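Visitor: here are the coordinates; sequence isn't available:
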DNA sequence: ATTAATTTTGTGTGCGCACACATTTTTTTT
DNA sequence: AAAAAAAATGTGTGCGCACACAAAATTAAT
């Protein structure tokens, strides 16, 4: 009838201290109306001093309402799509949170189609979820979405891409510039001089900020270390949606040039590796991004030397878990969460594959 | 009064199906005595078909008994001790599991003193915990410990080092051989030929299996890639406990030899980096292990080029969580859990520091 | 056959909280 | 001043489970 043995106070204990009933304490805790201001103030004061935290088990068990989270990400079009990667992390979060009366709905959009994004944001807002995680790839639509979320007081977190000066609960993703910087290090470490191709293979123009930040980081490394003059850097951009690409441009380019290194600042790296393997040309050092099946294949066959990884599953998993902790547990959460910049080679790659099965 | 909306069956539902009371189902579920064999068989059959999983919240809330886990690891003697690293992961696990009426006690021993290990295992067995995590560094004492744990039917998990053919619930740690193999790749990638020193700086002899496995992996890479003839590999072993070491041996060695690369197959890497920075000699490429403060310092000052990381916090965290899941949630868990072989450089190191604060 | 001992089964309470509902107190209206 | 309305506070129930205890059914002993 008194306190718990471990010193953890219950609502009943607070009520006793304040000389009120548990119902009144409950009202204050949940900011429900119908409490005399003085009483409320008194209870709040007690609450401050004792640092009450509700019993998560009892809370979940007694609660009738589900917490509904939404994650909005680009659709994974095929196995070699970057966005197929976070899904296992989402699933893991779903499994873990199901015990806590929390459901996670996955909404997808076409990342080449701004309208599909906007449409989905409208559908999500109609659902009035308790929290939203999304990748703000389209600046304008995202801004509008954010404003409406804030009007409804729906907390949100970013994944993959970040927007500055927002009231997002958290961001999970990589520092694109630094990942490029690291790639620069790796390139120069293995290749003391020569010609380098920065190859942007993209599905939609213009080049996304991610990709250009990576390139900037890559070049900055060379400048910071005063080795820019050791390399001839070529810059090629290919829209994979165009007919006969990337073969047309690549054939053309490699007819005229011999490359010692190639840096592909996105996950389409396997496309150039495939091309190089087919040619009877000097094999350049290739550095790219992400552990897609295609990239893994060409890493294992030796064409790709380094892949920069960023644990997309972990990003999604942590984003969901963190938003949950913020909303349900009222925990303080860290806003800026940079993923590690994993350097993956043929030799250590198998130890990065496991994350997906956890 | 009927089923739950989400199709999840409760004890009461099972009782209804079996035409018995909840008490009887409870006895079967917990394998408590006092149930007529036929009744038990019938309920077990139903249980098989419906795949019952108890409501974790209600279970925890109603349970009176705490689950007690123990983790036994070497004491962290100073800030540059490897074993100070997992502690934050242990703490995180403690925090998370406290909601589930699960406590984790940390027991430490002196990893140069087998007796201190044995003593602790005795103390732990007296406590009769529900599960134990430990690092089986001393083979004989560990074997005996395992036998006694199995007699008491106490499940256990390994961390850092693994023992084959054991009934451990799980193992969390790195593949030492492959980490050395990866180090070999990095060394040869940046250093196409020259003289390499494999430097074992240890506090106690003989050299641990970990360290020799790493060295084996390192050399194997050179052989596998037919580049052994490009390098003159020197092998030096220094006991740091001896007077004037490592300076004496190192001074002696570097008076006679000039090294292009140094591979230190353990976390004492900062000791050689410190030595090298003080000398006015040619700066070799240094590859070592673990993100200890000392190593970070010399990485940031440019003396150490690569550190192989293994996320010790994550290892400890996951080991505890997994043992909990096995014991309390009766989940199937993966037995062999290799950590990633993280390649850390000056450029990406900051993104590996965060794990400790999570 | 009756009672006692034993096995087997059933029932009730509480874990801490959310939330619906009941009661009391205060304020407003007539 | 009494009645009605509103505000403030209190009480009770159930979430699903563990576990102590009560009751019934069976078996053993007299």
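Guide: Looks like it arrived, so ask away. Keep in mind that this is a model prediction, so the values were computed, not measured. Numbers count the residues shown, from 1 in each chain, chains lettered A, B, ... in the order given.

Visitor: pretty sure residue A:265 contacts residue A:289?
Guide: Yes. When contacts are counted by C-beta atoms under 8 Å, residue A:265 is listed as touching residue A:289 (6.9 Å). All C-beta atoms are positioned from the backbone trio N, CA, C, and that covers glycine.

Visitor: and for these two, which residues touch both?
Guide: residue A:214 (C-beta atoms under 8 Å, 6 or more residues apart in numbering or on different chains).

Visitor: return the distance of stretch A:34-43 from the chain's centre.
Guide: Stretch A:34-43 has its C-alpha centroid displaced from the chain centroid by 42 Å (C-alpha atoms, centre = their mean, to the nearest Å).

Visitor: where's residue A:200, which helix or strand?
Guide: Per DSSP states H and E: residue A:200 is located in strand A:194-202.

Visitor: give the partner strands of that strand in its sheet and their orientations.
Guide: Strand partners for strand A:194-202, identified by DSSP bridges, are recorded as strand A:231-239 (parallel), strand A:261-263 (parallel).

Visitor: which residue packs closest to the residue of the stretch 101-250 of chain A found nearest chain B, ignoring adjacent ones?
Guide: The minimum distance from the stretch 101-250 of chain A to chain B, using C-beta to the nearest C-beta, falls at residue A:182 (4.2 Å). Once flanking residues are discounted, residue A:182 sits nearest to residue B:347: 4.2 Å by C-beta to C-beta, 6 or more residues apart in numbering or on different chains.

Visitor: what number of residues lie near the one you found?
Guide: With neighbours defined by other C-beta atoms under 10 Å in any protein chain shown, the count for residue B:347 comes to 21.

Visitor: what do you get for residue A:111?
Guide: 21.

Visitor: what about it, helix or strand, and which?
Guide: Secondary structure from DSSP H and E places residue A:111 outside every helix and strand.

Visitor: also residue A:105?
Guide: Element membership for residue A:105 (DSSP H and E) is strand A:102-109.

Visitor: mind checking if that strand is in reach of chain B?
Guide: No. Contact between strand A:102-109 and chain B, assessed by C-beta under 8 Å from any C-beta of the partner chain, is absent, since the two come no nearer than 9.7 Å.

Visitor: check which element follows that strand along the chain.
Guide: On the C-terminal side of strand A:102-109, the nearest following helix or strand under DSSP H and E is helix A:114-127.

Visitor: tell me the mean pLDDT for that following helix?
Guide: Per-residue pLDDT values across helix A:114-127 average out to 95.

Visitor: and if you look at stretch A:211-220?
Guide: If you average the per-residue pLDDT over stretch A:211-220, you get 96.

Visitor: try stretch A:63-80
Guide: Regarding stretch A:63-80, the rounded mean pLDDT is 94.

Visitor: swap in stretch A:92-99?
Guide: If you average the per-residue pLDDT over stretch A:92-99, you get 94.

Visitor: which residue ranges form the strands in chain A?
Guide: A:67-74, A:102-109, A:131-134, A:156-159, A:170-173, A:194-202, A:231-239, A:261-263, A:285-289, A:304-309, A:336-338, A:342-344 (DSSP state E).
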